[in-house]
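**Q** Output the structure for:
(one chain, ligands or ions: 2)
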Amino acid sequence: MKNKDFIDRLEQKAYLQKEEWIALFSSYDGEDRAYAAERARKTADRYFGKQVYIRGLIEFTSFCRNDCYYCGLRRSNEKAQRYRLLPEEILSCCKAGYELGFRTFVLQGGEDSYYTDERMETIIREIKARFPDCALTLSVGEKEEASYRRFYEAGADRYLLRHETAQEAHYNLLHPPEMSLPHRKECLRQLKRIGFQTGCGFMVGSPGQTPETLAEDMAFIHELHPQMVGIGPFLPHKDTPFAGKEKGGYELTLFLLSLIRLMERNVLLPATTALGTIHPKGREEGILAGANVVMPNLSPVSVRKKYSLYDDKICTGDEAAECIVCMKRRMQSIGYEIVSSRGDYVSIEKERE
Ligand code: SAH
Ligand code: SF4
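**A** Ligands and ions are numbered 1, 2, ... in the order given. Here you go, the predicted structure:
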């Protein structure tokens, strides 16, 4: 094991310098990963015990005005199958999810101009009125601060907006010129300021990622101090400019989950669908590496294949009821239990000082 010292220092709340992160990402080995996973799981157990939170993911629109080079929903992908769920359909996904025990719904989609602020506000209010004991998470990209505020005032609780990479040159390699890292970061700061439980994150192994860019990611996460962090492996999509690129590393994704857990101890950290796609036991091993959230799909089966961010996405054929049974079994197999609660972020600022 080459990096026990770094991992121990992280656990003891000593933040690493960028050069140290770079050294770690340039030299870690299998023993480092196993050790980090063990320490990270201990940390997660301290805050969450053997409980795993669930979020019901509703992929409500596959239209997108953006053109991110990695994503199958990008506007230039003429082969993408576009759909949008109507408010009634979204509400019936929530109802089905509620009956299955979900107390958080995540509305995720491309940046779709049909869903104006007004339409978003209406649907947010309706969901919160019908399911007052549930949390609502939005993941609909970059908006004006006034729009974010409007969504928050309508009752949305959380917002996921991955920063994708914290290094500008790398950001510009993944996105067309009309998108920018400073704007992305500004959106994240606004979301946090408004009061959302805010999530950033990135794809592991995206084209152009290096130990240096990962060091920037860790520094940015530490600085933003978000309530949630979403990471999963980059997976190529056949109809994008990155079709021929390598997948992200499975082991590196698990290692990063552990390091993020050690650095941001009580953060809400999902074992993502992409992790389950790259490896059949990805979500289980993600939990064992320090994650504490899973996000089963609540979208109607008829649209699941069309919400194609990357190739070979799992869980596109099963009804929500089957997904939750499968997920419960998976968590039980590793000694963990899915709980039916909102699973909000709990601040530990005092302990952090
Ligand atoms: N449009 C919104 C939400 C949908 S995309 C947004 O961009 O924020 C949600 C996430 O999917 C993105 O943040 C990205 O990190 C991830 N994603 C997109 N394409 C991917 C790919 N090819 N492989 C892995 N993850 C991908
Ligand atoms: Fe659109 Fe999000 Fe895909 Fe970018 S990652 S093209 S914003 S859906």
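**Q** and this structure, which of its residues are near ligand 2?
**A** With CB under 6 Å from any ligand atom as the criterion, the chain meets ligand 2 at residues Cys64, Asn66, Cys68, Cys71, Leu73, Arg74, Gly110, Glu111, Gly141. The way it works is simple: take the backbone N, C-alpha and C, and place the C-beta from them, glycine included.
**Q** for the stretch 151-300 of the chain, what spans make up the helices?
**A** With DSSP state H, counting those that start in this stretch, the ranges of helices along the stretch 151-300 of the chain come out as 168-174, 181-194, 211-224, 250-263, 273-278, 282-288.
**Q** May I see the residues of the chain next to ligand 2 organised as TSV, with pLDDT added?
**A** What follows is the residues of the chain next to ligand 2, written out as TSV (pLDDT from 0 to 100):
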residue	pLDDT
Cys64	98
Asn66	98
Cys68	98
Cys71	98
Leu73	98
Arg74	98
Gly110	98
Glu111	98
Gly141	98
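**Q** near ligand 1 too, which of these?
**A** Cys71, Gly110, Glu111, Gly141.
**Q** Look at the second one and say how many residues are nearby.
**A** The burial count assigned to Gly110 is 26, neighbours taken as other CB atoms under 10 Å.
**Q** which non-adjacent residue is nearest Leu252?
**A** Val204 (5.6 Å; CB to CB, 6 or more residues apart in numbering).
**Q** so what's that neighbour bridging to?
**A** In this entry, Val204 is beta-bridged to Pro233, by DSSP bridges.
**Q** So it sits against Gly232, correct?
**A** Yes: using CB atoms under 8 Å, Val204 is in contact with Gly232, at 6.8 Å.
**Q** Need the residues touching each of these two.
**A** Gly248, Thr253 (CB atoms under 8 Å, 6 or more residues apart in numbering).
**Q** before we move on, back to that, may I see the ones next to ligand 1 among the residues of the chain next to ligand 2 arranged in a markdown table, with secondary structure as well?
**A** Output for those, formatted as a markdown table (DSSP: H, G, I helix; E, B strand; the rest coil):
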| residue | secondary structure |
| --- | --- |
| Cys71 | coil |
| Gly110 | coil |
| Glu111 | coil |
| Gly141 | coil |
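**Q** Grab the nearest non-local neighbour of Glu164.
**A** Phe202 (5.3 Å).
**Q** Tell me who's in contact with the one you found.
**A** Applying CB under 8 Å, 6+ apart, the residues near Phe202 are Arg162, His163, Glu164, Thr165, Ala166, Asp217, Ile231.
**Q** what's the burial count for the fifth one?
**A** Close neighbours of Ala166, defined as other CB under 10 Å, add up to 23.
**Q** Most proximal residue of the stretch 251-353 of the chain with respect to ligand 2?
**A** Residue nearest to ligand 2 within the stretch 251-353 of the chain (CB to the nearest ligand atom): Leu309, separated by 6.2 Å.
**Q** pLDDT below threshold where in the protein?
**A** 350-353 (pLDDT under 70).
**Q** Tell me where it has strands.
**A** Secondary structure of the chain by DSSP state E: the strands cover 51-54, 56-61, 104-109, 135-139, 158-160, 197-204, 228-233, 293-294, 337-339.
**Q** can you put these in TSV and add distance to Arg125?
**A** Formatted as TSV, the strands of the chain follow (distance: least, CB to CB, whole Å):
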stretch	distance to Arg125
strand 51-54	24
strand 56-61	16
strand 104-109	13
strand 135-139	10
strand 158-160	16
strand 197-204	19
strand 228-233	23
strand 293-294	26
strand 337-339	27
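**Q** would JSON lines of those strands with distance to ligand 1 be doable?
**A** Output for these, formatted as JSON lines (distance: least, CB to the nearest ligand atom, whole Å):
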{"stretch": "strand 51-54", "distance to ligand 1": "18"}
{"stretch": "strand 56-61", "distance to ligand 1": "8"}
{"stretch": "strand 104-109", "distance to ligand 1": "5"}
{"stretch": "strand 135-139", "distance to ligand 1": "5"}
{"stretch": "strand 158-160", "distance to ligand 1": "7"}
{"stretch": "strand 197-204", "distance to ligand 1": "5"}
{"stretch": "strand 228-233", "distance to ligand 1": "6"}
{"stretch": "strand 293-294", "distance to ligand 1": "15"}
{"stretch": "strand 337-339", "distance to ligand 1": "23"}
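**Q** To Val267, which of those strands lies closest?
**A** strand 228-233 (5.5 Å; CB to CB).
**Q** which residues does Gln197 form a beta bridge with?
**A** Bridge pairing for Gln197 - DSSP bridges - gives Arg158.
**Q** May I ask which of the contacts of Phe202 has the most neighbours?
**A** Asp217 (27 neighbours).
**Q** check contacts around the residue sitting nearest the centre point of the chain.
**A** With distances taken as CA atoms, centre = their mean, the residue of the chain nearest its centroid is Gly230 (2.7 Å). Residues near Gly230 by CB under 8 Å, 6+ apart: Leu160, Arg162, Gly199, Cys200, Gly201, Pro270, Thr272.
**Q** need the contact list for Gln108.
**A** Leu57, Ile58, Glu59, Phe60, Leu138, Ser139, Val140, Leu160.
**Q** Mind listing what's buried along the helix ranked longest in the chain?
**A** Longest among the helix segments of the chain by residue count, using DSSP state H, is helix 30-48. Buried residues in helix 30-48, counting neighbours by 16 or more other CB atoms under 10 Å, are found at Asp32, Arg33, Tyr35, Ala36, Ala37, Arg39, Ala40, Arg41, Thr43, Ala44, Phe48.
**Q** ok, the fourth one touching Ile7?
**A** In this case it means Ala36. Yes: at 5.0 Å, Ala36 counts as touching Ile7 under the criterion of CB under 8 Å.
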